[in-house]
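Participant: Predicted model, plus sequence, below.
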Amino acid sequence: MSRVLASDGKAIGSNVNSGVNNANTTTHEAHIITVFEHQRLTAHDFTHVADFHWLMAQEFSVFTIKRQQGQWQLKVGHYIGVILLPSGMTLEILPKLMTKRPTDYQQQYQSSSANDINQTRQWVQNMLADLASSNHDKNKHSKNKLHNTKNLGQFSSQLAALPIKALPLSDWLVAQFLQRLIHYQPIKHYQTQIHNQAALQGRLLIKEQLRLNSMQPHKFICESSVLSQEMLSNRLIKSALNLLAPLLSASMSLPSLQLWQKIPALNRHELQRLEPLYQQAKRQLALQPLSRQQLQAAQQLVELAYWLLQHSAAHTGNGINPRTSVNQSASQPRLCLLFDMNQAFEQWASQRIADQFQQINLAYKPLFQAQRVWLHDAKGQACLSIRPDLLIYKNSNAPTGKNHNGKDDGAINVATVESSSHTSFHSPQSGNYSHVIDIKWKYLPHAGAISASDAYQLSSYAQAYHAEQGWLVYPVQDASSQPILLKQQAYNDAGAHRLSDQQSSPAKLWLIPFNVLTGTINGGLLPDWNVV
């Protein structure tokens with residue numbers, strides 16, 4: 001089942017059996033309900049009405065509950081992700097589609113929604129893979145990493161190559177997990193156990209024996225080391241495997257999965273304290289006699305398992321589904337992965353644009369979301385801070401050659417830039433900020449669509465950092481949209497009757513389209529824009 005949006009945000013093509021608008025009528029995707037960001041859902045849009053009522057009861061932050069025209073509606077917010085429904089269906093939330101004209105918006109969904117869905121899945125998976133790998137890049141300074149990546153930071157850096165036809169997000173997650181699992185066996189370690197038993201086995205604990213067994217000399221309190229698979233790392237992996245189990249088809253019954261059957265998963269109380277258990281599991285792994293390759297594989301799988309469990313806090317729906325077994329625990333975790341699309345796009349575009357700058361010239365150094373005091377009172381008390389999504393610092397002392405190998409040889413340390421700029425936005429001794437970049441997850445069909453608040457923000461950023469250029473980056477899904485220079489008008493006389501074509505500030509302000517299909521800005525970093 002697949003539902004799509006018209007330009008006014010209302011649903012069209014909500015008939016489950018529709019042949020024209022249903023993009024998931026194939027057997028492979030029959031279990032997927034694909035919806036889009038900002039779409040409105042009603043009970044009629046679900047194969048099982050109980051799934052809709054379950055979503056209502058959960059009160060996820062991704063949905064806004066509304067009552068219109070005598071029926072309840074769930075409006076999808078600015079999130080993407082996957083929610084496993086009680087019926088076994090999977091709700092897949094994809095980003096909104098972008099068109100140049102409102103008339104195209106409805107026609108695009110009605111004509112070829114299957115192609116749009118596959119194309120969107122492809123670039124979303126590329127985005128998630130890029131964000132995940134960026135957080136594991138050890139060559140970057142710790143202060144040069146993206147902020148707010150807690151939703152993505154535990155994903156493995158070595159993601160599988162994507163197929164030509166992009167999988168649904170739920171199937172893609174399963175594929176990533178199984179790719180690691182089939183080449184990995186549960187680690188065994190010697191675990192110290194203490195038993196009060198009839199046979200003397202292991203080391204006799206004298207003090208405990210005298211204190212507890214003085215009246216029953218036929219028993220012995222012994223300590224022994226037993227080879228066990230019940231390591232925390234294995235139990236974390238088993239818990240994540242249980243989480244994905246409803247998504248595993250019969251064709252995915254791999255022999256390697258049988259190795260995990262006897263390993264216990266984390267219980268309800270342990271899942272509530274997942275973070276300390278994850279840290280303890282990593283410490284245990286580091287002490288095991290494993291090769292470097294084995295340890296890396298184990299750590300990546302544990303990280304992915306932790307990431308899945310961390311974002312699966314949804315519980316079964318309080319008896320809404322009458323077929324739910326009464327013995328089923330109400331605290332059973334359910335796969336529920338939701339990402340704030342505003343943050344995800346900002347982080348992805350920041351990373352890709354920074355990479356483009358550094359590939360062109362070693363003199364460019366990126367600063368991600370560096371916060372600075374902007375306004376303060378007469379006593380020096382901070383009143384207001386600013387934090388651009390991306391700053392490009394141009395070091396006058398760095399080599400000016402192209403960066404062919406991606407290394408930072410001869411370049412300044414980012415921490416030095418931050419330290420020297422702590423009290424001042426502009427450091428003329430070592431260089432200056434060449435670009436201040438603000439990134440918005442909103443489509444601009446033309447330059448006139450820019451909001452006043454975004455324009456004021458960009459102009460303020462450029463002025464505060466004395467930047468040569470200010471960029472407002474927005475998403476597009478085509479290569480035809482090109483950068484647009486915004487010319488500021490300066491009023492020269494008190495009556496404001498005359499206008500000057502000169503810039504009111506030295507910074508040039510640009511609208512920069514970021515092509516989500518290619519992960520690059522359209523037009524590239526043209527030489528006449530970026531002269532070092």
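Facilitator: Yes, it's here.
Participant: Show me what counts as buried in stretch 276-290.
Facilitator: 277, 278, 281, 282, 284, 285 (16 or more other CB atoms under 10 Å). (Each C-beta comes from the backbone N, C-alpha and C, glycine too.)
Participant: Can you list which of these are found in helices?
Facilitator: Counting by DSSP state H, the buried residues of stretch 276-290 place 277, 278, 281, 282, 284, 285 in helices.
Participant: For residue 69, state which of the residues you listed is nearest.
Facilitator: Nearest to residue 69, judged by CB to CB, of those is residue 278 at 46.5 Å.
Participant: Which residues are in contact with the closest one?
Facilitator: Counting by CB atoms under 8 Å, 6 or more residues apart in numbering, residue 278 touches 236, 302, 306.
Participant: For the stretch 101-250 of the chain, just list every one of the strands.
Facilitator: Using DSSP state E, counting those that start in this stretch, the strands of the stretch 101-250 of the chain run over 189-197, 203-204, 220-228.
Participant: Would you mind finding the most buried of those strands?
Facilitator: Mean neighbour count (mean count of other CB atoms under 10 Å) peaks for strand 220-228 among the strands of the stretch 101-250 of the chain, with a mean of 15.
Participant: how many neighbours does residue 55 have?
Facilitator: Using other CB atoms under 10 Å, residue 55 has 24 neighbouring residues.
Participant: can you tell me which helix or strand the residue lying closest to it once chain neighbours are set aside belongs to?
Facilitator: Nearest residue to residue 55, sequence neighbours excluded (CB to CB, 6 or more residues apart in numbering): residue 74, at 6.0 Å. Take DSSP states H and E as the rule and residue 74 turns out to sit in strand 71-76.
Participant: ok, residues contacting that strand?
Facilitator: The contact list for strand 71-76, computed with CB under 8 Å, 6+ apart, reads 9, 35-43, 52, 55-56, 62-67, 93.
Participant: Of the residues you listed, which belong to helices?
Facilitator: 52, 55, 56.
Participant: does the last one really touch residue 65, like I thought?
Facilitator: This points to residue 56. Yes. The pair residue 56 / residue 65 is scored as a contact, 6.5 Å apart, by CB atoms under 8 Å.
Participant: The two: which is more packed in?
Facilitator: Set side by side, residue 56 and residue 65 show more neighbours around residue 56, with 18 against 12, by other CB under 10 Å.
Participant: Please enumerate the strands of the stretch 301-450 of the chain.
Facilitator: Going by DSSP E, counting those that start in this stretch, the stretch 301-450 of the chain shows strands at 336-340, 364-368, 372-376, 382-386, 390-395, 431-439.
Participant: and the first one, what's its mean pLDDT?
Facilitator: Right, the one you point to is strand 336-340. Here strand 336-340 scores 88 as its mean pLDDT.
Participant: Residue 475 looks like it's in a strand, true?
Facilitator: Yes. According to DSSP: H, G, I helix; E, B strand; the rest coil, residue 475 belongs to a strand.
Participant: List the contacts of it.
Facilitator: Residue 475 touches 98, 345, 349, 441, 442, 443, 513, 514, 516, counting by CB under 8 Å, 6+ apart.
Participant: cool, and residue 192?
Facilitator: 223, 224, 225.
Participant: Make TSV from those residues and add distance to residue 490 and pLDDT to it.
Facilitator: Shown next, in TSV, are the contacts of residue 192 (distance: CB to CB, whole Å; pLDDT from 0 to 100):
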residue	distance to residue 490	pLDDT
223	83	85
224	84	74
225	80	72
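Participant: could I get stretch 433-453 in CSV with only the CA atoms?
Facilitator: Output in CSV follows, covering the C-alpha atoms of stretch 433-453 (Å, rounded to 0.1, in the frame of the first residue of the first chain):
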residue,chain,number,x,y,z
TYR,A,433,35.9,33.2,7.2
SER,A,434,35.3,32.9,3.5
HIS,A,435,31.8,31.4,3.7
VAL,A,436,29.1,31.3,6.2
ILE,A,437,26.5,28.7,5.3
ASP,A,438,23.0,28.2,6.5
ILE,A,439,21.2,25.0,5.5
LYS,A,440,17.4,24.6,5.4
TRP,A,441,15.2,21.5,4.7
LYS,A,442,12.7,23.6,2.7
TYR,A,443,12.2,23.8,-1.0
LEU,A,444,12.5,27.2,-2.8
PRO,A,445,10.8,27.1,-6.2
HIS,A,446,12.2,30.6,-6.9
ALA,A,447,14.3,33.3,-5.2
GLY,A,448,11.2,35.2,-4.1
ALA,A,449,10.2,32.2,-2.0
ILE,A,450,12.9,33.0,0.6
SER,A,451,11.4,33.9,3.9
ALA,A,452,12.3,37.2,5.6
SER,A,453,13.6,35.4,8.7
